[in-house]
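A.B. asks: structure for the following, please:
(one chain, ligands or ions: 1)
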Amino acid sequence: MTTYTRTQSDQLYARAVAAIPGGVNSPVRAFKSVGGKPVYFASAQGAHVIDVDGNRYVDFCLSWGPLILGHSDPQVVTAVQAMAPLGLTYGACHAGEVAMAEALVAAFPGAEMARLVSSGTEAVMTALRLARGATGRSLILKFEGGYHGHADALLVKAGSGLITLADPGSEATSAGVPKEMAGLTIALPFADLAVVEALFAAHGERIAAVILEPLPANNGLLVQTDAYLAGLRRITLAHGALLIFDEVISGFRYQYGGYGQLAGVQPDLITLGKIVGGGMPLGAIVGPARILSLLAPVGPVYQAGTLSGNPLSIAAGLATLAQLSDPTAYRRLEQLGAYLEHRLARTGIPWLRGRRVGSVFWPYFDVGPIPVRADTISPVAIQRFNGMYHHMLHAGYYLPPSAYEVLFLSTAHSEADLDGLVAAWAQAAQQLL
Ligand SMILES: Cc1ncc(COP(=O)(O)O)c(C=O)c1O
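C.D. replies: Numbers count the residues shown, from 1 in each chain. Modelled structure (predicted):
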């Protein structure tokens, strides 16, 4: 076994902190919650990454979700290589974007149109603007622990006594978000329809949209019941508000299409990102023509983008979707997920466990009920995950550097990768016992 060194990573990090705020281009990459310094990747293939010091890891972060086929899937790479000499971006129309929009429309019931953008954040921003344009209302309801990108309106936390206040909006969680803007977003806890009913009873005529991930995966994996999602559908329909399912993570993750279909609930708008771009920057807003047609140039709601629907992202996305349209991909992902759960159940350490849906796994290292809302997550579970993080890194397992994040499996992972992960966790756990 080679020794673990990180001389090159440390040198790069020292340069990075001088040139990039915090040394990172997205805060989740900093090792703030697990301690220590980030690792610098040099190459990746399948389920594996190699860092600049030559350390090899099995990657369970997988760029936070897009890489459902693993890193640099050969068919995706071939599609991008074939496209690159024909143009990196046109800023004009091309056949690929039509094929992508048609593929997305075909994958979601009730969808008739898609607008392509370059990130999940942009997709969500556009969906909210559309909802406000369609309803003429201003307020947005989101849920505590839901992350929907870094647009101003969504960087909020709940204030107290929201529902009964004349001005029910929340506080910003980020400097730079004006309180007037944060005040237009309301944040309520998940898994409680009564608070949503109460909010709509008091302010229903002012609410443009309710936005949530139908399977919330940004603050643990807070699985909501189908009845809860159906309840949100009923309430929004009754009050003329739009229901937006943010499927940036869940789109094409659990099946070919969205999680909403699995739950039997059809939202008004769906936002997509991650998997649809196959590892390249791509997002989308999908929905019925009556709402999507409000977008410029046909309608009054403005949205634009220099690189929107660029041919390279489309090539990577279409090559990914083509492979996912074969149901064996999802059968394999489910098999791997079930295997991980089965192996974890046999370590003899009762708290070494988690919540899994398909190929998404949230390590929840505590006993007792697994939370379905953000405020009931055990601090012990967080401490254990963090305390084990660097052992896992040294053992060759790159996990998302936060206990609140989920692990992603890909078709490139093997049972042996999962055996190794569980063995390393079990060994790390022994040191904490
Ligand atoms: C559910 C959800 N929505 C939106 C976003 C924002 O997407 P992006 O990072 O591509 O802007 C994310 C990112 O993690 C997400 O998980």
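
A.B. asks: L292: what's it in contact with?
C.D. replies: Neighbour list for L292: 112-115, 130, 285-286 [criterion: CB atoms under 8 Å, 6 or more residues apart in numbering]. For glycine as for every other residue, the C-beta is placed from the backbone atoms N, C-alpha and C.

A.B. asks: how about Y330?
C.D. replies: Y330 is in contact with 254-256, 324, 358, counting by CB under 8 Å, 6+ apart.

A.B. asks: redo these as CSV? Include secondary structure.
C.D. replies: Converted to CSV, the contacts of Y330 look like this (DSSP: H, G, I helix; E, B strand; the rest coil):
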residue, secondary structure
Y254, coil
Q255, coil
Y256, coil
L324, helix
G358, coil
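
A.B. asks: got the contact list for the helix or strand hosting A322?
C.D. replies: Using DSSP states H and E, A322 falls within helix 311-324. With contact meaning CB under 8 Å, 6+ apart, helix 311-324 is reached by 68-69, 73, 75-76, 78-80, 82-84, 86-90, 94, 96-97, 99-100, 103, 107, 116, 118, 252, 256, 275-282, 307, 329-330, 411.

A.B. asks: pLDDT weak spots in the stretch 51-200 of the chain?
C.D. replies: Residue ranges of the stretch 51-200 of the chain with pLDDT under 70: 158-164.

A.B. asks: contact residues of it facing the ligand?
C.D. replies: Proximity of the stretch 51-200 of the chain to the ligand is confined to 64, 119-121, 124, 147-149 under the rule CB under 6 Å from any ligand atom.

A.B. asks: again, only this time at 5 Å
C.D. replies: Contact residues, the stretch 51-200 of the chain versus the ligand (CB under 5 Å from any ligand atom): 119-121, 148-149.

A.B. asks: over to the stretch 201-350 of the chain?
C.D. replies: For the stretch 201-350 of the chain, the residues in contact with the ligand (CB under 5 Å from any ligand atom) are 213, 246, 248-249, 273.

A.B. asks: in helices, which of those fall?
C.D. replies: When those are checked against helices (DSSP state H), there are no matches.

A.B. asks: specify which member of the residues you listed is nearest to the ligand.
C.D. replies: Checking those against the ligand by CB to the nearest ligand atom gives V248 as the nearest, at 3.5 Å.

A.B. asks: I figured that closest one hits V124, correct?
C.D. replies: Yes - the criterion here is CB atoms under 8 Å, and V248 meets it with V124 at 7.4 Å.

A.B. asks: now for those two: what residues contact both?
C.D. replies: Jointly contacting V248 and V124 under the rule CB under 8 Å, 6+ apart are 148-149, 271.

A.B. asks: please report phi then psi for A187.
C.D. replies: phi -120, psi 120 (degrees, to the nearest 10).

A.B. asks: residues near it, how many?
C.D. replies: Residues near A187, counting by other CB atoms under 10 Å, number 23.

A.B. asks: would you confirm that it contacts L155?
C.D. replies: No - using CB under 8 Å as the test, A187 is too far from L155 to be in contact (10.4 Å).

A.B. asks: any chance of the contacts of Y330 in CSV, plus neighbour count and distance to L421?
C.D. replies: As requested, these are exported to CSV (neighbours: other CB atoms under 10 Å; distance: CB to CB, whole Å):
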residue, neighbour count, distance to L421
Y254, 22, 21
Q255, 19, 24
Y256, 17, 27
L324, 21, 24
G358, 19, 17
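
A.B. asks: which among the residues you listed gets closest to the ligand?
C.D. replies: Closest approach to the ligand among the contacts of Y330 (CB to the nearest ligand atom): Y254, at 13.7 Å.
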